[in-house]
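Novice: here is a sequence with its predicted model. Questions after.
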Amino acid sequence: MKAVVLDASMALEWFFPDPSSASSRSALEKRALLDTRVAIVPHVWRFEITNYFAGKLRRAQISPADATWNLAEMMRIPFAIADEGSSKDLLELAHQHRLTAYDAAYLRVAMLAGEPLATLDTALIKAAEAVGVEIA
């Protein structure tokens, strides 16, 4: 089965879209990627998703029960955690492309796997294009 490297920003848009946002509409169109591909994510993906709900809880934007339920639903996305390489490699990518270390992890996984990257992050898209990683 083919794969796609799934950025947390894209996955969160699939579950919490803003109908008035062009990026949300674009993200929802790409949700069908998982019909034919398995998601590959770096280790940080689960923490980014969990942090999203932790922030909503801190700001009282969601109940603890809803946060727990939504988090469980997101963890049902079929995904495999991939090794993103060494910290040195991530640092070099982050520095070279002016990315966060988190975004460098997504880019590195896509580079190593040779699979397209599904993201809404413009800096990450620019970096992916610079190194020849396809954008899903």
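Specialist: Ah, there it is. The shown structure was predicted, so the numbers you read here are calculated from the model rather than taken from an experiment.
Novice: contacts, neighbours, all on C-alpha from now
Specialist: Noted.
Novice: could you pull out the helices for this protein?
Specialist: 8-15, 22-29, 33-36, 44-58, 64-74, 87-97, 101-113, 122-131 (DSSP state H).
Novice: against which helices or strands is the first one packed?
Specialist: Of the remaining helices and strands, those touching helix 8-15 by 3 or more C-alpha pairs under 8 Å, 6 or more residues apart in numbering; DSSP states H and E are helix 22-29, helix 44-58.
Novice: how about the fifth one?
Specialist: In terms of contact count using 3+ C-alpha pairs under 8 Å, 6+ apart, helix 64-74 is assigned the packing partners helix 44-58.
Novice: who are the packing partners of the helix it packs on?
Specialist: Using 3+ C-alpha pairs under 8 Å, 6+ apart: helix 44-58 touches helix 8-15, helix 64-74.
Novice: any chance of TSV for these, columns mean neighbour count and distance to Arg58?
Specialist: Formatted as TSV, the helices and strands packed on helix 44-58 follow (neighbours: other C-alpha atoms under 10 Å; distance: least, C-alpha to C-alpha, whole Å):
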stretch	mean neighbour count	distance to Arg58
helix 8-15	19	18
helix 64-74	14	10
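Novice: let me know which of those helices is the nearest to Pro116.
Specialist: helix 8-15 (13.1 Å; C-alpha to C-alpha).
Novice: out of the helices and strands packed on helix 44-58, nearest to Ser21?
Specialist: For the helices and strands packed on helix 44-58, proximity to Ser21 was assessed by C-alpha to C-alpha; helix 8-15 is nearest, at 10.1 Å.
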